[in-house]
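Student: generate a structure from the sequence data that follows.
(one chain, ligands or ions: 1)
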Amino acid sequence: MPNQLNTQCCIAGGGPAGMMLGFLLARTGIEVVVLEKHADFFRDFRGDTIHPSTFQLMHELGLLDDFLKVPRQEVKHLEVVFNGESIQLADFTHLKVAKPVLGLMPQWDFLKFLQTHAEKYHTFKLILEAEVTDIIKEKKRITGITANTKDGPINVYADIVVATDGRGSVLRKKAGLKVIASGVPIDVLWFRLSRQQDDPAQTFGRFDHGRIMVLLNRDEYWQCAYLIDKGNYPQIQQKGMPAFYKELSEVSPFLANRMHELKSWDDIKLLSVDIDHLETWYTGGLLCIGDAAHAMSPIGGVGINLAVQDAVATANILYEPLSRRKSITTDILQKVQDRRTFPTKVIQNIQIFIQEGIMSRRSLAAKHEKPPLPFRLIKAIPLLSRIPAWIVGIGVRPEHVKTPEKK
Ligand SMILES: Cc1cc2nc3c(=O)[nH]c(=O)nc-3n(C[C@H](O)[C@H](O)[C@H](O)COP(=O)(O)OP(=O)(O)OC[C@H]3O[C@@H](n4cnc5c(N)ncnc54)[C@H](O)[C@@H]3O)c2cc1C
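Tutor: Residues are numbered from 1 along each chain as shown. Next up, the predicted model:
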């Protein structure tokens, strides 16, 4: 017989969405169980951005001073180099938030921070090495989940299950929720190269005759993202490492002297880029948020922001009925979807536009020797660089903490 646990809110997946939601609900006195399949938060690179909106949330929670003790880099401006021409694309310094910068912090440090603060509330329980495998359904309503843990199988029963298990969500599949995928023309290769003393200081994107590389300055190393045509990685591998070194060196010549640090293809991670969303984010007893509701492209580095914002909106909407032990009806879950669909769609549409219109490598190579119009406009009118900063740093319809702390 599996072990059994009863709680008010069961959260499947301890990423940014799950940990933020778990923390916010536990803070209001609601019993929460978060199940995370990994043994800790150390895992593959999945983006390290802390958005100005997240700093603002920490401020609203009274945690900003503590949060600022976590080591990080701070980016005030994002620069692109387009066929040799430098353009300051985003200026975060004018955002009206407590900390108008883009933070770069290892995601595990961010998640650990949320865990440490969530565990101050006795209503919070995080179970690591707990892989959620299925839903439990009674009379057409989802009433819990099954999971495998290191201590054996467990059934967790809850008033509401929230799927925050990312873009490969098991729960959304098991619940039969319809996924609407948008075609994506790119994949991304991620790798690190060391930083040297006379390297540029900026975090920036480099566009070189249709080839695109993003370089995030992490003090000791560059976190690099190189865009390739979708499905093209096997061909790149076939051509061999020296050809790949040459290609990267053409895009970022100052990195040519350290290409040997990429010893094999094992040092490079392929991200198959997806953009999708659920037609309906919920069914009776289950709600999906974060990447589980809408997988984001890495363009603009906004997936973490949306996941955190979804969590805040969900906590704002669910805490009152949960704390009064009212049934969580689909009408209540629809409110979460109504609140978060618009911000998600706006950002996904911008990502699709950038991918297909501006960043499509072939069309760039063929047509755009000059920077595309939006880049030229921003260069001509620097004030416009506040718009990309707002889209990346804050997003549409930003959320604020409305949940009270139960002392
Ligand atoms: C290589 C890469 C780079 C990225 N770069 C950026 C960036 O710079 N900035 C940015 O904002 N976004 C970036 N993103 C996107 C960002 O990582 C996601 O949008 C964001 O993490 C979504 O948060 P989430 O909590 O919804 O899901 P996830 O972060 O995917 O978290 C899901 C969690 O659920 C756990 N899980 C999965 N299945 C189960 C299961 N069955 N049982 C229990 N636990 C489970 C996972 O281990 C994980 O901890 C990047 C993504 C990738 C892959």
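
Student: in this structure, where is pLDDT below threshold?
Tutor: Within the chain, the stretches falling below the threshold (pLDDT under 70) are 43-45, 357-368.

Student: helices of that one, start to end?
Tutor: Chain-ordered helices for the chain, with DSSP state H as the definition, fall at 16-27, 52-60, 64-67, 107-118, 170-174, 233-239, 241-251, 303-323, 330-353, 361-367, 373-380, 386-393.

Student: those: which one's closest to the ligand?
Tutor: helix 303-323 (2.0 Å; CB to the nearest ligand atom). Quick note: C-beta positions are derived from backbone N, CA and C, even for glycine.

Student: CA-only coordinates of stretch 87-96 in CSV, if you can.
Tutor: Listed in CSV are the C-alpha atoms of stretch 87-96, where the atom choice follows Å, rounded to 0.1, in the frame of the first residue of the first chain:
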residue,chain,number,x,y,z
ILE,A,87,23.3,49.1,-30.1
GLN,A,88,22.0,49.5,-26.5
LEU,A,89,18.8,47.6,-26.8
ALA,A,90,17.4,47.7,-23.3
ASP,A,91,17.9,50.1,-20.4
PHE,A,92,16.6,48.7,-17.1
THR,A,93,17.6,51.7,-15.0
HIS,A,94,14.4,53.6,-15.5
LEU,A,95,12.0,50.9,-14.4
LYS,A,96,9.9,52.0,-11.4
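
Student: what about it and the ligand, touching?
Tutor: No. On the criterion CB under 6 Å from any ligand atom, stretch 87-96 is out of touch with the ligand, staying 13.7 Å away.

Student: ok, back up a step: pipe the helices of the chain into CSV and attach distance to the ligand and mean neighbour count per row.
Tutor: Supplementary listing: those in CSV, determined by distance: least, CB to the nearest ligand atom, whole Å; neighbours: other CB atoms under 10 Å:
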stretch, distance to the ligand, mean neighbour count
helix 16-27, 3, 28
helix 52-60, 10, 22
helix 64-67, 17, 15
helix 107-118, 7, 19
helix 170-174, 4, 20
helix 233-239, 14, 12
helix 241-251, 17, 15
helix 303-323, 2, 24
helix 330-353, 10, 17
helix 361-367, 19, 14
helix 373-380, 20, 15
helix 386-393, 9, 20
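
Student: make JSON lines out of the ones you listed and add distance to Val161.
Tutor: Conversion of the helices of the chain to JSON lines gives the following (distance: least, CB to CB, whole Å):
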{"stretch": "helix 16-27", "distance to Val161": "11"}
{"stretch": "helix 52-60", "distance to Val161": "24"}
{"stretch": "helix 64-67", "distance to Val161": "29"}
{"stretch": "helix 107-118", "distance to Val161": "18"}
{"stretch": "helix 170-174", "distance to Val161": "7"}
{"stretch": "helix 233-239", "distance to Val161": "36"}
{"stretch": "helix 241-251", "distance to Val161": "44"}
{"stretch": "helix 303-323", "distance to Val161": "12"}
{"stretch": "helix 330-353", "distance to Val161": "11"}
{"stretch": "helix 361-367", "distance to Val161": "41"}
{"stretch": "helix 373-380", "distance to Val161": "41"}
{"stretch": "helix 386-393", "distance to Val161": "31"}
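
Student: give me the residue from the stretch 101-250 of the chain nearest the ligand.
Tutor: Proximity of the stretch 101-250 of the chain to the ligand (CB to the nearest ligand atom) peaks at Gly166, 2.7 Å away.

Student: what about that residue, distance to Ala256?
Tutor: Counting by CB to CB, to the nearest Å, the separation of Gly166 from Ala256 is 36 Å.

Student: who has more neighbours out of those two?
Tutor: Gly166 (21 against 12; other CB atoms under 10 Å).

Student: how about the more buried one, nearest residue that isn't a chain neighbour?
Tutor: On the basis of CB to CB, 6 or more residues apart in numbering, the spatially nearest residue to Gly166 that is not a chain neighbour turns out to be Asp291, at 4.7 Å.

Student: thought Gly22 was touching Glu36?
Tutor: No. At 9.9 Å, Gly22 does not count as touching Glu36 under the criterion of CB atoms under 8 Å.

Student: list residues touching both of those two?
Tutor: Any residue near both Gly22 and Glu36 by CB atoms under 8 Å, 6 or more residues apart in numbering counts here, and that gives Gly14, Leu126.

Student: I'd say Ala315 and Leu24 touch.
Tutor: Yes. Under the criterion of CB under 8 Å, Ala315 is in contact with Leu24, at a separation of 3.7 Å.

Student: hey, what's in contact with both of these two?
Tutor: Between them, Ala315 and Leu24 share the contacting residues Val401, Thr403, judged by CB under 8 Å, 6+ apart.

Student: so what strands line up beside the top strand by length along the chain?
Tutor: With residue count as the measure and DSSP state E as the assignment, the chain has strand 152-163 as its longest strand. Strand 152-163 has its sheet partners listed here by DSSP bridges as strand 3-12 (parallel), strand 141-149 (antiparallel), strand 286-288 (parallel).

Student: CSV for those strands, including mean neighbour count and distance to Asp338?
Tutor: Written out in CSV, the entries for those read as follows (neighbours: other CB atoms under 10 Å; distance: least, CB to CB, whole Å):
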stretch, mean neighbour count, distance to Asp338
strand 3-12, 21, 20
strand 141-149, 20, 21
strand 286-288, 30, 13
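
Student: using TSV, lay out those together with distance to Arg192.
Tutor: TSV is the format used below for the strands paired with strand 152-163 (distance: least, CB to CB, whole Å):
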stretch	distance to Arg192
strand 3-12	31
strand 141-149	33
strand 286-288	32
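
Student: for those, which one sits closest to Lys269?
Tutor: Across the strands paired with strand 152-163, the minimum distance to Lys269, taken as CB to CB, is reached by strand 3-12, at 24.2 Å.

Student: can the closest one be said to contact the ligand?
Tutor: Yes. Contact of strand 3-12 with the ligand is found when judged by CB under 6 Å from any ligand atom, involving Ala12.
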